[in-house]
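[1] based on what follows, work out the 3D shape:
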Amino acid sequence: MHGTALPRTATWAPLAALATAQFLVVLSTSIVNVALPQIRTGLAMSPAGLTWVINAYVLVFGAILLPGGRLGDVYGLRRVFLIGATLFALSSLAAALATGPAILIAARVVQGLGAALLAPTALALVLRLFPDAKGRGTALGVWGAVSGAGGAAGVLLSGLLTSLYGWRAVFAVLVPFALAVIAATWRLVPADTPRGGALDLPGATTLVAGLIALTYGLTSLWPAALAGLALLAVFVVIQRRSPHPLLPARMAVVARPNLLMALLGAVWLGLFYFLPLYQQRDLGYTPLEAGLSQLPLALMITIASWAAGRIRGRAVLPVGLLLLAAGLAWLGLTGALIAPSLLIGAGLGVAFVRLTAWASAGVPAEDSGLAGGLVNATRQVGGAVGLSALALLPTYGGAFLACAALTLLITIVSIGKAPS
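    Numbers count the residues shown, from 1 in each chain. Sure, this is the predicted structure:
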C-alpha cells in the first residue's frame, strides 16, 4: 500500500483516537450479553424479541461493513468515519433512553449502521498513517490489542454496570467515549482527499440484503437463508458487469486471508458468546464474577497483539493458531479456565493482528477503505454464521472443541502462505 508517512510524533495521537473507536465497536458487541435478563424484565420483551437486541446490531454491522469501506474511499475516509461515529453516539443515547422494545431495537439498528461506517474507515485511516512495514506492524499490534480487550472488557463492564446502575448504563457509557473520539479525530486526524467515483448501489443492495437474509435464515427460517444465497449469487453477477464494482477483481489478492478471517470470526464470537454462558449457567458465577474471571484472557490478548506487531517470520501466524487451538481444546475437554485462557488469549492476539496485516498486504492506497471494510465484514459475517452453527451443538464443551477444530483448519491453510 502506498502513502506518504507523517512524522512519527504526528501519528500516535491519531492512532489512539482511532483505536478507541475500534474498542467501542467491539465493546458494543459484547457489553449487552450479561444485561439481557434485565433488559427483558425492564421492557417486558419476549424471548424472540430479546434476541434482536443482539441480532439487530450484528446483522446490520456485518452486512454494511463492505459498502461502508467503499463509501470512505469514494467520499473521504475521515468524513465517513465522523458520520459513523456521530450515528453511533446518538443511537447509543437513544438505546439508553429507550422506553419500549421497538425503540431499543431501532436504536441498535442505527448503532450497527454507525459502526459499519466507522470501523472500516478507522482501519483505513490507520493504514494511511503508517505506510511503512515497521510502523504499520506496531500500529496493527495496538489495533489488535484494543480489539481483543474490547471483547473481554464488554463482559466485565456489563456485569459491573448492570449490577450497579441497571441495563441502561451499558448503552449510556458508550456516549461520552464516542463524543471524545469525534472531537479527537476532528482535531488530530488529517483530512484525506476523496478518491471520487461511484458507489455500486445495485451491488451494495444485493450484498446487504443477501447477508442479512442468509444470517437470519440460519438462525430462524431456512427459506430466508436460501433467498440470501440467491441474492449473493446475483451480487457476484453484478460485480462482473459493473463499471464500478463494490468488490473489484483486483481484491482477489486478499481472498485467502479474508476467508481465514471469516473462520477466525466464528471462533472469536463463539468463544465470547459461550464462555460467559458456561461460567454463569454451569459454574454458577455471578455476572460480575464472570467478567472478572476473563481479565487474564483480556490481558493476554492485549500483550500478544502488541507483540505480534513487532515479531517477523512466516511461522508467527501458525504458531499463534496452534496455541489458540490447544487452549480451546483444553477448555472443551476439561472445563478448566485460567491456564486455557492464557493460551487462547495468546493465540487470538497473534492471529487477529497477523491476519489483519495479511488482508491489507498488496492493496493499493485508493482501496484502503475497501480493504478495511472487507476484513471487518468477513470477521463479523463469519462470526454470525459460525455462531448459528455452533449454537446447534448440545454442550458448551462441544462448542469449544468445534472452535478448536476450526482453528486447526485455519492453521493448515495458512502454513507457508502468510507474509513474514
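
[2] so G42 sits right up against A169, yeah?
    No - G42 is beyond contact range of A169, at 11.9 Å (criterion: CB atoms under 8 Å). The way it works is simple: take the backbone N, C-alpha and C, and place the C-beta from them, glycine included.

[3] these two - which one has more neighbours?
    Legend: neighbour count by other CB atoms under 10 Å for G42 and A169, higher for A169 (19 against 14).

[4] just give the nearest non-adjacent residue to the more buried one, would you?
    L161 (4.0 Å; CB to CB, 6 or more residues apart in numbering).

[5] what's the helix or strand for that neighbour?
    Per DSSP states H and E: L161 is located in helix 133-165.

[6] what helices and strands are in contact with that helix?
    helix 12-30, helix 101-129, helix 169-172, helix 255-277, helix 287-293, helix 295-308, helix 338-358 (3 or more CB pairs under 8 Å, 6 or more residues apart in numbering; DSSP states H and E).

[7] list the buried residues in it.
    Within helix 133-165, the residues that count as buried by 16 or more other CB atoms under 10 Å are 135-163.

[8] pLDDT value on A325, please?
    Listed pLDDT for A325 reads 96.

[9] spit out the contact partners of it.
    Listed by CB atoms under 8 Å, 6 or more residues apart in numbering, the contact set of A325 reads G347, A404, A405, T407, L408, T411.

[10] which one of those residues sits in the busiest neighbourhood?
    Of these, with other CB under 10 Å as the count, T407 tops at 28 neighbours.

[11] tell me where the model's unsure across the stretch 101-250 of the chain.
    Where the stretch 101-250 of the chain drops to pLDDT under 70, the residues are 133, 148, 151-152, 219.

[12] give me that answer again for 80
    Applying pLDDT under 80 to the stretch 101-250 of the chain flags residues 131-138, 140-141, 143-156, 193, 195-199, 215-222, 244, 246-247, 249.

[13] sorry, back to before: would you agree the residue nearest to A169 is in contact with V173?
    Yes - in this structure, L161 is within contact of V173 by CB under 8 Å, at 6.3 Å.

[14] what touches both of the two?
    Shared contacts of L161 and V173, counting by CB under 8 Å, 6+ apart, come down to I31.

[15] give me the number of residues near R312?
    Neighbours of R312 (other CB under 10 Å): 11.

[16] same question, V375
    When neighbours are defined as other CB under 10 Å, V375 has 28 of them.

[17] list the residues that contact L324.
    V267, L343, I344, A346, G347, L348, V350, A351, T407.

[18] columns pLDDT and distance to L123 on top of these, output as TSV?
    Compiled in TSV, the contacts of L324 are given as follows (pLDDT from 0 to 100; distance: CB to CB, whole Å):
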residue	pLDDT	distance to L123
V267	93	20
L343	95	27
I344	95	24
A346	93	23
G347	94	22
L348	91	18
V350	91	18
A351	92	17
T407	96	23
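
[19] now, among these, which is nearest to L50?
    V267 (24.9 Å; CB to CB).

[20] what number of residues lie near that closest one?
    That count, for V267 with other CB under 10 Å as the rule, works out to 29.

[21] distance of it from L82?
    Between V267 and L82 the distance is 32 Å, computed by CB to CB, to the nearest Å.

[22] need the contact list for Y278.
    G335, Y396.

[23] cool, D200 as well?
    R70, I238, Q239, S242, H244, P245, L246.

[24] out of those residues, which is most surrounded?
    R70 (29 neighbours).

[25] nearest spatial neighbour of A227, skipping sequence neighbours?
    A213 (4.9 Å).

[26] sorry, that was for G382
    Closest to G382 by CB to CB, 6+ apart is A262, at 3.0 Å.

[27] what do you get for L156?
    Nearest to L156 is G291, by CB to CB, 6+ apart, at 3.3 Å.
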